[in-house]
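>>> whatever this is, show me its structure:
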Amino acid sequence: MRTFWLAFAVALLVVSAHAGAPGKLPTDEAIRTEMKAIRDLTLNVHTLVTHRRMPPADARTFHTRVKAAVERLKAGTQVQAETRGEIEKLASYIERGAAAVAGADSSMSPIDGILIIDDSLAIYAQRFDHPDWQPLR
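From the prediction side, this is the model:
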C-alpha cells in the first residue's frame, strides 16, 4: 500500500509540473492557518507513529483534530474554484492518512497513514504559496 501512495504522490507532482501554471496556487488565511495546524499536529506525533509507540487513544485524538482542521479549511477558504478543488483534494488525503494513523482505515497501517500526510505536506509546499511554510523535517 505504501508503494501505491508514494506513486500517487509522484504522479501528482508530475501532473502539477506539467499543468502549465507559472507559479504556485494562492492560499488564504483559512488555508494557511489550518495547514499549519495539521503540520504541527503531525510533527507532534510523527516519532510515536514511526516507532509504533502511539497509544490508540492518542491516535484517535490526532485523527479527530486533523479531521476538524480539514473541515475548518474547507468551510473557511475563499480561494477560487480551481485552487479550492486542489486544496480540498489534498486535505482529504491528509484526513485519510490521519484515519489510518488512528486505525480507522484497515486497508492501511498507521505508518502508511503518516507517510501519506508527509507526502501531502510536501506536495502542499511545492504547489501552494504559503509564505514562511516550515517543512516537517
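>>> pretty sure Leu25 is in contact with Ala125, am I right?
No: judged on CB atoms under 8 Å, Leu25 makes no contact with Ala125 at a distance of 11.7 Å. Quick note: C-beta positions are derived from backbone N, CA and C, even for glycine.
>>> what about these two, which has more around it?
The residue with more neighbours, out of Leu25 and Ala125, is Leu25; 20 against 16, by other CB atoms under 10 Å.
>>> can you name the residues bridging to the more buried one?
On the basis of DSSP bridges, Leu25 is bridged to Phe128.
>>> let me see the confidence value for it.
Reported pLDDT at Leu25 in the predicted model: 96.
>>> after the least confident helix or strand in the chain by mean pLDDT, next one along is what?
Within the chain, no helix or strand scores below helix 2-17, which has a mean of 51 by mean pLDDT, DSSP states H and E. Per DSSP states H and E, the first helix or strand lying C-terminal to helix 2-17 is helix 29-50.
>>> most centrally placed residue in the protein?
The centroid of the chain falls nearest to Ile94 when counting by CA atoms, centre = their mean (3.4 Å).
>>> just give the nearest non-adjacent residue to it, would you?
Ser120 (4.8 Å; CB to CB, 6 or more residues apart in numbering).
>>> so how many other residues sit close to that neighbour?
Neighbours of Ser120 (other CB under 10 Å): 26.
>>> what do you get for Arg137?
Quick note: Arg137 (other CB under 10 Å) scores 7 neighbours.
>>> roughly how far does it sit from His130?
17 Å (CB to CB, to the nearest Å).
>>> since that was my last question, I'll sign off now.
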